[in-house]
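> Pasting the sequence and the predicted model now:
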Amino acid sequence: MPRRRSALTATAGLLTIAALGLAGCASTAEAEPEASAASGTVTIVDNHGEVEVPVNPERVVALDNHVFETLAAWDIPLAAAPKQIMGTDIWPEYTGDEAVLDVGAHFEPNLESIVAAQPELIIGGYRFAESYDQIVKQNPDAAVIEIAPREGEDPNAELTREIEILGQIFDREDEAAELIAAFDDATAAAADAYDGTSTVATLLTSGGEISYIAPVTGRSLGALYPTAGLTPAIEQAAEDTSHGDDISVEAIAAANPDWIIVMDREGAMTDAEGYVPAKELIEGSEALAKVTAVAKGQVVYVDPAFYLTEDLQSYTALYEQLAKAFADAA
């Protein structure tokens, strides 16, 4: 079942990688604001440079999936959003509100709905990065920013940077700091609970198939390896960093991982055609039945909505989940 927003918010009270944490210092300094009390604006550094943004803008369009959870938790209304890639019930305050105009999906966006929303601020990027120039051109009176994690940078420090910038824009810097502290605690807990030697394989399921997510560079779960010091069961560089690489169940079985961590790409999209749950693909496979991770029940299934969110809060919940699983196994 898709994870509802309330589940994320609960875990937030309890993701910038410990091993890569030094980069977070640099990104924090980079995001230092230059506030103008008279104009009610703040200058932030986004993925393109300095941008002057209104503080607490009333009409906001958000296209970056990383920000929905934070905006929802802070009760920030949206004028438009890409409802088709937001799942069915993760953020009902946005997807279920007819007043929030639908920008559609990134592969066929309805950019005119952004114009119709008359935004003061547009948080673009991520899946909508290719539409950036057109969005800027069509919305000359709006501040357009892209703050999604940048390729080649420490992905977890980038998530922290994103939360920090949102805190500056919406005057929620204390709340942003709390989210980051919870993330740091969760990453440390996962690293401490891991035994340092057990081998780990990270996988992605989609369309009834299993793909391999490479350590470090593989989508989302690759970042877990340097954070918690995980030992890879499979040493293979990523070819497709977005959707995982082809791998046979026989190859997984030959690697015999002690732990398997799985991201279900379609878990939050209940209408996905031909959907097969990750649990069925992993534990229902004869070839994997004798793999240590399966035999010992050491398969960690990431929250079904993770593929759609991939935000700081989702990583926080995942590191907490790993910490508990590692501790229970010990």
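Great, that's in hand. Residues are numbered from 1 along each chain as shown.

> Just say helix, strand or coil for residue 253.
The three-state label for residue 253, taken from DSSP: H, G, I helix; E, B strand; the rest coil, comes out as helix.

> wait, doesn't it sit right on residue 291?
Yes: taking contact to mean CB atoms under 8 Å, the distance of 5.5 Å between residue 253 and residue 291 places them in contact. C-betas here are computed from N, CA, C, even on glycine.

> Those two: which is more packed in?
Set side by side, residue 253 and residue 291 give different neighbour counts by other CB atoms under 10 Å, the larger being at residue 291 (24 against 17).

> how far away is the more buried one from residue 300?
Look at residue 291 and residue 300: by CB to CB, to the nearest Å, they are 14 Å apart.

> Need the nearest residue in space to residue 306, chain neighbours excluded.
Beyond its immediate neighbours in the sequence, the residue positioned closest to residue 306 (CB to CB, 6 or more residues apart in numbering) is residue 314, lying 5.3 Å away.

> Now do the SS call for the one you found.
Secondary structure, three-state DSSP: residue 314 is helix.

> Same question for the one 10 residues further on.
Using three-state DSSP, the secondary structure recorded for residue 324 is helix.

> Tell me who's in contact with it.
When the contact criterion is CB atoms under 8 Å, 6 or more residues apart in numbering, the partners of residue 324 are residue 193.

> phi, psi of the residue nearest the centre of the chain?
The C-alpha lying nearest the average C-alpha coordinate of the chain belongs to residue 310 (CA atoms, centre = their mean; 1.1 Å). Recorded main-chain torsions at residue 310 are phi 50, psi 30, according to degrees, to the nearest 10.

> Find residues that contact each of residue 291 and residue 300.
A shared contact of residue 291 and residue 300, defined by CB under 8 Å, 6+ apart, is any residue touching both; here these are residue 260.

> ok, and the closest non-adjacent residue to residue 289?
Nearest non-adjacent residue to residue 289, counting by CB to CB, 6+ apart: residue 295, 7.2 Å away.

> Please report how far that neighbour lies from residue 284.
If you measure residue 295 against residue 284 using CB to CB, the figure is 14 Å.

> go on, residue 329?
22 Å.

> Ok, residue 197 next?
According to CB to CB, residue 197 and residue 284 sit 29 Å apart.

> can you check residue 194 too?
Residue 194 sits at a distance of 27 Å from residue 284 (criterion: CB to CB).

> So for the two, which sits in the more crowded spot?
A direct count of neighbours by other CB under 10 Å for residue 194 and residue 284 places residue 194 higher, at 24 against 11.

> hmm, back to that, neighbours of the residue nearest to residue 306, how many?
The burial metric for residue 314, expressed as a neighbour count using other CB under 10 Å, is 26.

> same thing with residue 181?
By the other CB under 10 Å criterion, the neighbourhood of residue 181 contains 11 residues.

> in which helix or strand would I find it?
Under the assignment given by DSSP states H and E, the secondary-structure element containing residue 181 is helix 173-193.

> next one: that helix to chain centre, how far?
Here the centre of helix 173-193 is set off from its chain's centre by 15 Å, with CA atoms, centre = their mean, to the nearest Å.

> what's the answer for stretch 125-145, then?
Centroid separation between stretch 125-145 and its chain, computed with CA atoms, centre = their mean, is 21 Å.

> Give me the average confidence score over it.
Stretch 125-145 shows a mean pLDDT of 95 in the predicted model.

> ok, back up a step: isn't the residue nearest to the centre of the chain up against residue 68?
No: proximity of residue 310 to residue 68 does not meet the contact threshold set by CB under 8 Å, at 10.7 Å.
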